[in-house]
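Engineer: I'll drop the sequence and a predicted model, then ask my questions.
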Amino acid sequence: TNDPLGPSNKVGYYNGAQKYELGIPNSYESWIADNKFSYGKLIGMQTDDETNPSYVYFANDITNAYDSETVDYVERSMMTLYTGDEETPMVMFIFDNITSDEADFKKTFLLQCATAPEIDYENNTVTVDNGEGKLVLTSLLGADDIKAYGRTSKDGEVKDIEYFYVLDENGNPTVDENGDYVLTKEYGAERFYLSGQNKALNPGGASMIGDKNSDLSIVWGHVEISPEAISNTNQLVNVLYVSDSGTTVSATPTLLQSAFMTGATFKNHTTMFVTDSLYASDEHSFVTTGEGTMTYYIGGINEGEWTVTINGVEIGQYVATDEGKMISFEGETGEVVLTPKNTRPAGTSAIRYQLEGGTLPEGAITYYYHGVETALPIPTRTGASFDGWYTDKEYSNKIEKISKDMTETLTLYAKWSAPIVNADYSAGGSL
């Protein structure tokens, strides 16, 4: 998450607002006890076999790994599958959910590359091939902007000064009109990038010209994938798989989205993540297509028993543990419905909040009783004033409270405005 005026200028933070510590703990006890070494907390973890797994699931709240003035919440969920398929033996589904302090702070998914990547901009696909095997990433959500950067060094050595250049769409270093590489320097956490036109984005950044025929070797590269949407909260979905070099994989991942769930299907595997923990106990549904048996992995749900129905037929009950917060099952493709057991009292309906970077007060209701007039909670957001709840994204239908005659599931959208600052101006020119 990039704040142009933020933590890149602070000691202890990288450009993306991630913390780094100047020093190491002197003991295991200090490492556990000292909060400065705590970068996150585990939300969910599960595998079917600790020595020979077919899947491994992790979900982590890593907000504490970032500058608190830049981000409000960062969550990463990963489902890694060991498929037994010779063509694509390992597949990873990655879901990132990021809320920044300001809507225009840029969020970026970073892929480190051992060799220069090939990028298919039309299909949002990045391939890294080392001649024996390859890693293929398909970005399904949040891939509005993709850029590749190569890290180089003179004479194959990386010293205090590191040289960067932008790779073109074929993964080759960009050269200027004279046929020379245009390089840029990085000093510590201060980083100067080059645009596709070889002009430094940071006007204060010193650029260097390198001879195209000199001994420059790429030690590694990286790809940056970013959404362009101006929003406090952005969500990204990326699917990665490994295969042998020279193998052509005809199957492509496809994005799946429903109310408060998102994920993807690749071949006969579907992974879905709950996008907001407020709805981890709600009933969810989504639709898959294709033929044959699908293996489903559902992450981010609350612990307890869940009934799974596919195309109107109940296929069984599955238990999500408190530690795992996920379930897995097999079934045909079609409409999948996940129903939690006894999560809401009878005669109630769910309330779903779209907070746009805001925070609900502790104990805010997530359902209401039919026939009972119910007050709505008041959320807060740093640097903004709450202008009320609305039942539509366009903010045309304001709702003050839940009336006695309402019975439907409610989705409420928070409207915000910047606070008005009053100041007195004196004739002497002071405020």
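Structural biologist: Received the coordinates, thanks.
Engineer: what's opposite the residue nearest the centre of the chain in the beta bridge?
Structural biologist: Centroid check for the chain by Cα atoms, centre = their mean gives residue 96 as the closest residue, at 1.6 Å. Beta-bridge partners recorded for residue 96 (DSSP bridges): residue 76, residue 236.
Engineer: let me see the contact set for it.
Structural biologist: 74, 75, 76, 107, 109, 142, 235, 236, 237, 238 (Cβ atoms under 8 Å, 6 or more residues apart in numbering). C-betas here are computed from N, CA, C, even on glycine.
Engineer: so can I have JSON lines of those residues showing pLDDT, neighbour count and distance to residue 49?
Structural biologist: What follows is the contacts of residue 96, written out as JSON lines (pLDDT from 0 to 100; neighbours: other Cβ atoms under 10 Å; distance: Cβ to Cβ, whole Å):
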{"residue": "74", "pLDDT": "91", "neighbour count": "23", "distance to residue 49": "30"}
{"residue": "75", "pLDDT": "94", "neighbour count": "22", "distance to residue 49": "26"}
{"residue": "76", "pLDDT": "95", "neighbour count": "19", "distance to residue 49": "23"}
{"residue": "107", "pLDDT": "89", "neighbour count": "23", "distance to residue 49": "35"}
{"residue": "109", "pLDDT": "92", "neighbour count": "21", "distance to residue 49": "29"}
{"residue": "142", "pLDDT": "92", "neighbour count": "22", "distance to residue 49": "32"}
{"residue": "235", "pLDDT": "94", "neighbour count": "21", "distance to residue 49": "30"}
{"residue": "236", "pLDDT": "96", "neighbour count": "22", "distance to residue 49": "29"}
{"residue": "237", "pLDDT": "97", "neighbour count": "24", "distance to residue 49": "26"}
{"residue": "238", "pLDDT": "98", "neighbour count": "24", "distance to residue 49": "25"}
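Engineer: so where's the stretch 201-350 of the chain uncertain?
Structural biologist: Across the stretch 201-350 of the chain, the ranges flagged by pLDDT under 70 are 201-221, 342-344, 346.
Engineer: can you rerun that using 50?
Structural biologist: Residues of the stretch 201-350 of the chain that meet the criterion pLDDT under 50 lie in 201-219.
Engineer: where along it do the strands fall?
Structural biologist: For the stretch 201-350 of the chain, the strands defined by DSSP state E, counting those that start in this stretch occupy 207-210, 216-226, 233-244, 254-258, 261-266, 269-274, 284-287, 293-299, 304-310, 313-320, 326-332, 335-340, 348-354.
Engineer: and those strands, which is most packed in?
Structural biologist: Of all these, strand 269-274 has the most neighbours on average by mean count of other Cβ atoms under 10 Å, namely a mean of 26.
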